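Engineer: compute the structure for the input listed below.
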Amino acid sequence: VKFNNCAGNKGVRYETNSLDFKVRADGTLYAAHHLQVPSKQLILVVTAWDPQTLGRWEAMVRFLVAEKSQHNGHKPKGRKALPGELVQQQSDTLLPWRQHQSANGLRRQKRDWVIPPINVPENSRGPFPQQLVRIRSDKDKEIHIRYSITGVGADQPPMEVFNIDPVSGRMYVTRPMDREERASYHLRAHAVDMNGNKVENPIDLYIYVIDMNDNRPEFINQVYNGSVDEGSKPGTYVMTVTANDADDGTTANGMVRYRIVTQTPQSPSQNMFTINSETGDIVTVAAGLDREKVQQYIVIVQATDMEGNLNYGLSNTATAIITVTDVNDNPPEFTTSTVRAAGWCNAEQPQKGVRTLVVITRDLSRSLMGQAGSRSWGEMGLTTTTTCTHSHFSFFQPKGLREEIQHFAAAVDYEMNRAFMLTVMVSNQAPLASGIQMSFQSTAGVTISVTDVNEAPYFPTNHKLIRLEEGVPTGTVLTTFSAVDPDRFMQQAVRYSKLSDPANWLNINATNGQITTAAVLDRESDYIKNNVYEATFLAADNGIPPASGTGTLQIYLIDINDNAPELLPKEAQICEKPNLNVINITAADADIDPNVGPFVFELPSVPSAVRKNWTITRLNGDYAQLSLRIMYLEAGVYDVPIIVTDSGNPPLYNTSVIKVKVCPCDENGDCTTIGAVAAAGLGTGAIIAILICIIILLTMVLLFVVWMKRREKERHTKQLLIDPEDDVRDNILKYDEEGGGEEDQDYDLSQLQQPETMDHVLNKTPGVRRVDERPIGAEPQYPIRPVIPHPGDIGDFINEGLRAADNDPTAPPYDSLLVFDYEGSGSTAGSVSSLNSSSSGDQDYDYLNDWGPRFKKLADMYGGGEED
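Structural biologist: Alright, predicted model coming up:
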């Protein structure tokens, strides 16, 4: 046996599942001692394992054993009866467990037999269950034995594929097998007594499913795409098609063979291709592939199993599309050898489409190359030029077109050449394929007549640069910026105008292009970039149609000393006593060198207090120091004038004022906080601003107080629904309990229930019965409470709701019908009709008018006054 663990097989050990055989380190399998093999074939399991990684690998080894002739029909000594080959008969019985009686009467358990594999054909039609084999132990003569099997297919999924009769030991298969689903099964047979005690050691049963040809070959793809160059020699590889068969590949059932069924088109031969029957490689078998005649072949390929036997094998087909690729085997040709054309001159934009030169090429035209005269233009494409000379011609081939050069464009000058004679040559960019005996190029003569067109004027010196000093007066002539009209044979006038003048400093003469100043040119202006001012002018002719050109004028301004220096900084701070605390001053000048520093700093003589209190010390050409001359200066803000003079010719000076804040300082020379406030001082503007802020603040406080008082007044003026004296909310009133005994607690609660119908009320037990009838009518609209109520609107909302409820006849309490029981006669109480109302004295019933519409009738009866 051979084994490879990809790591050099270092330390790998071998072992078998049988004590009769051993394996050497080199994989040689040998018998450990002299033995007899009881069957025609022997199956062993060889295990290779790595002690370091603990990995284990198993392989099954099958031996075919040649039988020796047996005399008198007797079996070798000590061998149990066992058939050499398993067949599906009830007489086939396996005795895998062997026992021998020793001479001294002791029983010795010998090694277990290795059971040969059981072969079961797939797709069997039954009937099921179908007996496979019978297993029995020779101990069944002494005790009752129960047999069972375990493993995949028995008690493990798939379940109950095999079962065994526990008494007779006959093993059955219960359904058809499918080798493509599972090719083999490994079961273990067990023998136990009636108490479940093991009688024999478990034995291994190997069941192999015999393959049947029940699967067709399946191509990986239904359509295969390949390509081959035209003119390829026979035997040129094209592509490979592959089909897989799910049946056993070691048998004829899974051995696939290929063949070509049809070829379309059958030109120039019906057998242009052939296929390797075993590998599926498609190659050319005949010469004559020509893309210009046939660009694509469609080949139907058939795959058949059973080694290609069409009578017994199963077949399937796929399509192979073979594209014939182009090679450079055809030179290009012009459709005509002489061409006449007319074009016009446009020096700035070459004309396109002067003449179309059609080139016929049967190959793909991506390899064409155009030449004018003896000049090579390389790969064809549009060539742009800026002058109309006879040597500048370009070719243009539109995208997507492969069989012709679509355009021939030229840029020419009528004033230089009025006609051209060209020889155009077209050739393949790539050389022709080997073996092609043809010219690789073609020529044609082209005559071009040039027609004059109006061309735009142009400035010979575009981006013209002039230099002058700034500050020249208005009306100064700077230069003449004129253009040239290339149309020499046309009498045309050129007119000038401004196109761009950012600062509006320039004017141009419309006739001759003379440039003059319209304002003073200032180098320090924002329109100046790097001392250069730029303006653009337009020159237009009066041709048909008119044409125009532009030119740019750049003016470099030379600086003059026209800006006085400015003192920096404008504000500073110094201690009231002289110390190391000084003020560094400098100057800024808008001019450039040599009209800037070194600067001269000096104090004016008037007023005299300036030179008395202050002094200036020069540091260098650009800096100086301002400091106190006297020993003490009162804290405050002082305006110190300083005269600054530059180094221009002539020099300019400027008197600048620096605000110096004099303040008390600490021991470090820094102004103290109190001293800084004292020295700051307040001007008139600051005082006015503070007063305005105070007035605004007081006004806001006053408005807030007025608003609070008004709100309090509105809250007190709102009327409550009841008087404060009658408002018993938030009060607890406690009364004594004066009820009687249990008799007083006997209440009839049924009187509190509202009857549903009048009949129900009349049929109830004696007692007072009440029926409430809700009037039918339109219901009034109650007020809607606002989403964000105002505290003062609550009283109004309640009053409006009360007013609506008083005017609502449908609101309870309703008018009621009271039914009284008969109370009997002889009441000790007198008639209530004996009660008379006293008419003595006048009583005012006008308050009934305030009780709402329900008391309106009483108000009309008693509140009418004396006339009623």
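Engineer: ranges for the helices of the stretch 501-650 of the chain?
Structural biologist: For the stretch 501-650 of the chain, the helices defined by DSSP state H, counting those that start in this stretch cover 608-613.
Engineer: dump the residue contacts of the residue nearest to residue 17 when sequence neighbours are not counted.
Structural biologist: Computed as C-beta to C-beta, 6 or more residues apart in numbering, the closest residue to residue 17 that is not its neighbour in sequence is residue 45, at 4.5 Å. All C-beta atoms are positioned from the backbone trio N, CA, C, and that covers glycine. Applying C-beta atoms under 8 Å, 6 or more residues apart in numbering, we find residue 45 in contact with 16-17, 58-61.
Engineer: helix/strand/coil for residue 45?
Structural biologist: Put simply, residue 45 is strand when judged by DSSP: H, G, I helix; E, B strand; the rest coil.
Engineer: what's across from it in the sheet?
Structural biologist: Counting by DSSP bridges, residue 45 forms beta bridges with residue 60.
Engineer: the closest residue in space to residue 173 that isn't next to it in sequence: how many residues sit nearby?
Structural biologist: Using C-beta to C-beta, 6+ apart and skipping the chain neighbours, the partner closest in space to residue 173 is residue 130 (5.2 Å). By other C-beta atoms under 10 Å, 15 other residues sit near residue 130.
Engineer: roughly how far apart are residue 130 and residue 447?
Structural biologist: Remark: distance between residue 130 and residue 447 (C-beta to C-beta, to the nearest Å) = 99 Å.
Engineer: now the closest residue to residue 198 other than its chain neighbours: how far from residue 340?
Structural biologist: Take residue 198 and drop its neighbours on the chain: the residue closest to it by C-beta to C-beta, 6+ apart is residue 192, 5.6 Å away. Shown here: residue 192 relative to residue 340, a distance of 113 Å by C-beta to C-beta.
Engineer: repeat for residue 847
Structural biologist: Using C-beta to C-beta, residue 847 is found at 127 Å from residue 340.
Engineer: doesn't residue 139 fall inside a helix?
Structural biologist: Yes: under three-state DSSP, residue 139 falls within a helix.
Engineer: settle this for me: it is touching residue 200, isn't it.
Structural biologist: Yes: using C-beta atoms under 8 Å, residue 139 is in contact with residue 200, at 7.3 Å.
Engineer: neighbour count: those two, which is higher?
Structural biologist: Comparing residue 139 with residue 200 by other C-beta under 10 Å, the one with more neighbours is residue 200, at 21 against 15.
Engineer: any idea what that one is bridged to?
Structural biologist: With DSSP bridges as the rule, residue 200 is bridged to residue 191.
Engineer: looking at it, it is touching residue 193, isn't it?
Structural biologist: No: counting by C-beta under 8 Å, residue 200 stays clear of residue 193, with 10.2 Å between them.
Engineer: any idea what residue 145 is bridged to?
Structural biologist: Taking DSSP bridges as the rule, residue 145 bridges to residue 193.
Engineer: so is residue 714 in a helix, a strand, or just coil?
Structural biologist: Put simply, residue 714 is helix when judged by three-state DSSP.
Engineer: how many neighbours does it have?
Structural biologist: 12.
Engineer: separation between it and residue 531?
Structural biologist: Noted for residue 714: a distance of 76 Å to residue 531, by C-beta to C-beta.
Engineer: what do you get for residue 318?
Structural biologist: 81 Å.
Engineer: between the two, tell me which one has more neighbours.
Structural biologist: Neighbours were counted for residue 318 and for residue 531 using other C-beta under 10 Å; residue 318 has more, 22 against 14.
Engineer: so that one is in contact with residue 221, correct?
Structural biologist: Yes: the criterion here is C-beta under 8 Å, and residue 318 meets it with residue 221 at 6.8 Å.
Engineer: shared neighbours of these two, which are they?
Structural biologist: With C-beta under 8 Å, 6+ apart as the test, residue 318 and residue 221 both reach residue 241.
Engineer: wait, what's in contact with residue 244?
Structural biologist: Residue 244 touches 217-218, 220, 256, counting by C-beta under 8 Å, 6+ apart.
Engineer: centre of the chain versus stretch 648-668, how much separation?
Structural biologist: 64 Å (C-alpha atoms, centre = their mean, to the nearest Å).
Engineer: end to end on it, go ahead and measure it.
Structural biologist: 42 Å (C-alpha to C-alpha, to the nearest Å).
Engineer: and what of stretch 292-300?
Structural biologist: 23 Å.
Engineer: in that stretch, what's buried?
Structural biologist: 294, 297, 299 (16 or more other C-beta atoms under 10 Å).
Engineer: stretch 177-188 now?
Structural biologist: For stretch 177-188, a neighbour-count test (16+ other C-beta under 10 Å) marks 177, 179, 185, 187 as buried.
Engineer: any idea how far the third one lies from residue 233?
Structural biologist: As judged by C-beta to C-beta, residue 185 and residue 233 stand 55 Å apart.
Engineer: next up, the contacts around the nearest residue to residue 475 once chain neighbours are set aside.
Structural biologist: Leaving out its chain neighbours, the residue that sits closest to residue 475 by C-beta to C-beta, 6+ apart is residue 516, at 5.8 Å. Contacts for residue 516 (C-beta under 8 Å, 6+ apart) come out as 475-478, 506-509.
Engineer: re earlier: gap between the residue nearest to residue 173 and residue 554?
Structural biologist: 109 Å.
Engineer: residue 192 and residue 340: who's more crowded?
Structural biologist: Between residue 192 and residue 340, residue 192 has the larger neighbour count (other C-beta under 10 Å), namely 15 against 10.
Engineer: helix/strand/coil for residue 147?
Structural biologist: Following three-state DSSP, we place residue 147 in the strand state.
Engineer: helix, strand or coil: sort out residue 695 for me.
Structural biologist: Going by three-state DSSP: residue 695 is helix.
Engineer: do residue 798 as well
Structural biologist: Per three-state DSSP, residue 798 ends up helix.
Engineer: what about it, neighbour count?
Structural biologist: With other C-beta under 10 Å as criterion, residue 798 counts 14.
Engineer: so how far is residue 847 from it?
Structural biologist: Counting by C-beta to C-beta, the gap from residue 798 to residue 847 is 21 Å.
Engineer: ok, now residue 333?
Structural biologist: Counting by C-beta to C-beta, the gap from residue 333 to residue 847 is 129 Å.
Engineer: higher neighbour count, these two?
Structural biologist: A count of neighbours by other C-beta under 10 Å puts residue 333 above the other of residue 333 and residue 847, at 16 against 10.
Engineer: I'd guessed the more buried one sits against residue 443; true?
Structural biologist: No: Residue 333 is not in contact with residue 443 according to C-beta under 8 Å; the separation is 10.1 Å.
Engineer: residue 857 belongs to a helix, doesn't it?
Structural biologist: Yes: if the criterion is three-state DSSP, then residue 857 is within a helix.
Engineer: contacts for stretch 156-163, please.
Structural biologist: Applying C-beta under 8 Å, 6+ apart, the set of residues contacting stretch 156-163 is 129, 132, 149-150, 152-154, 171-175, 177, 182, 185, 187, 207.
Engineer: restricted to strands, list these.
Structural biologist: 132, 149-150, 171-173, 185, 187, 207 (DSSP state E).
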